[in-house]
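Participant: Sharing a sequence plus its predicted fold:
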Amino acid sequence: MKTNLLNTIILIVVTILVPNMVTAQAAKKPSKPSIGIQAVQINDAIKTATKEAGSNQYLTLERITQSMDQQLIDRMHNTRKFQIVSRSDLKTILDEQDLQSVISNPSDVNTAQAFKVAGCKYSLIVSVDDYQDLSEHLRGEGGQVLATKRTIRLSAISKLYDNTTGVLLESANFQISNKDGAQKMAGAIGDGRISDRLITELARRMSDKSANRVMDVLFPAKVIGLTGNFVTINRGDGTGITKDQVWTIYATGESMIDPDTGEELGAEEIPVGKIKVTQVTPKFSRGMLIENYGVEKLHVARSDESNQ
C-alpha cells in the first residue's frame with residue numbers, strides 16, 4: 001500500500017516537473033525574429049521616365065532591382081539575426097506546395113504542407129525613387145567616339161515596419177553617388193546599358209545599406225570580447241564590416257524620451273574608444289584599440305563610415 005502511494009507521488013512529481021524543465025530549457029535559447037523581404041518596388045514616375053528615355057534604360061533599371069531582390073535576401077541572411085521569409089519568391093514556394101500536394105506521398109514527412117508558411121514580425125520594403133543613367137563622350141578630331149564615361153545614380157527608400165502594429169520603425173533614404181557608379185569604356189558608344197559587373201555592384205551596395213540600417217535599429221553591434229588591446233564585436237562577413245575600418249565604441253546611458261511626443265529615442269550613447277578592424281570572420285570581427293577611455297563588454301560599436 002505504501003509502495004503504491006509512493007509510486008503515485010513520484011509519478012505526479014515527474015509529470016509536473018518534466019514539462020517545466022523542458023520549457024525552461026527551451027526558454028534559454030532565444031528564437032530569432034522573422035523578417036519578410038518584400039520585392040523591390042519602382043516608383044511609377046521613375047518607371048515612366050525611364051521608359052520614355054529608351055527601352056535600354058528601363059531594362060537596366062529592371063535588372064538592378066531584380067538583382068537587389070536577391071542581394072537583400074543574401075545580406076539579411078548573413079546578419080544571422082533573423083529568420084528570413086522571402087516574399088519576392090513566395091509565388092514559387094506556393095506553386096511547389098500545390099505541386100507536392102498532387103504528386104507527392106502525403107505520408108512522407110518531407111512533403112510540404114499548405115497553410116504553414118512562416119509569419120513575419122517585421123517587413124523590409126525598399127522602393128527606388130530616383131534613377132539616372134548619364135553618358136559623356138570624348139570624341140576625336142574626326143568626331144569618332146574615343147571613350148565614354150557613364151555615371152549611374154540610384155536612390156532608394158528603405159522602410160522597416162512592425163507587421164503586428166503596422167508602425168513604421170525606421171525609414172532611410174540611401175543614394176549611390178556618382179563616384180560609386182562611374183565607368184570608363186574606351187571606344188564604347190553610349191546607349192544606356194551598363195555592364196553586368198556594374199549592375200551587380202549597384203545592387204550590392206544598395207542592399208548593404210538597407211540591411212545595415214535594419215541591423216543598426218534592431219540589433220546594434222556590441223563588444224563581445226575584450227582581451228588586452230583587442231576587441232571582438234558581433235559583426236561578421238557580409239554585414240558591411242571590412243578590414244581597416246574604424247569603429248567607435250559607445251557606453252550606453254539612460255533612456256532618452258522626447259519631451260514633446262513622449263517617444264522613446266533610445267539610450268544615450270557616449271563614445272569611450274575606437275578600434276581599427278584587423279580581422280573579419282563569418283560570425284564576428286576583431287579590432288585593435290586605438291583609443292580607450294573605458295571600453296567594456298556589451299558596449300555598442302558603430303562604424304565611422306555609416307556617419308559619413
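Facilitator: Cool, got the structure.

Participant: The spatially most central residue of the chain: what's it in contact with?
Facilitator: The structure's the chain has its C-alpha centroid closest to Ala211; by Cα atoms, centre = their mean the separation is 2.2 Å. Neighbouring residues of Ala211 by Cβ atoms under 8 Å, 6 or more residues apart in numbering: 72, 75-76, 78-79, 239-240. All C-beta atoms are positioned from the backbone trio N, CA, C, and that covers glycine.

Participant: Swap in 6 Å and give it another go.
Facilitator: Contact partners of Ala211, counting by Cβ atoms under 6 Å, 6 or more residues apart in numbering, are 75-76.

Participant: which SS state does Pro106 fall under?
Facilitator: coil (DSSP: H, G, I helix; E, B strand; the rest coil).

Participant: quick one: buried residues of the helix or strand hosting Leu94?
Facilitator: Element membership for Leu94, per DSSP states H and E: helix 90-103. Buried residues in helix 90-103, counted by 16 or more other Cβ atoms under 10 Å: 97, 100.

Participant: again, but for stretch 110-123
Facilitator: Along stretch 110-123, these residues count as buried under the neighbour rule (16+ other Cβ under 10 Å): 112, 120-123.

Participant: Quick one: neighbours of Thr48, just the number.
Facilitator: 11 (other Cβ atoms under 10 Å).

Participant: helix, strand or coil for it?
Facilitator: Thr48 ends up helix, using three-state DSSP.

Participant: Each with direction, which strands does the helix or strand harbouring Asp133 pair with?
Facilitator: Under the criterion of DSSP H and E, Asp133 resides in strand 122-139. Strand pairing for strand 122-139, determined by DSSP bridges: strand 34-37 (parallel), strand 41-42 (parallel), strand 145-162 (antiparallel).

Participant: Check what contacts the second one and list those residues.
Facilitator: Surrounding strand 41-42, the residues in contact under the criterion Cβ under 6 Å, 6+ apart are 65, 127-128.

Participant: could you pull out the strands for the stretch 201-308 of the chain?
Facilitator: 221-227, 230-233, 246-257, 264-280, 285-292, 300-303 (DSSP state E, counting those that start in this stretch).
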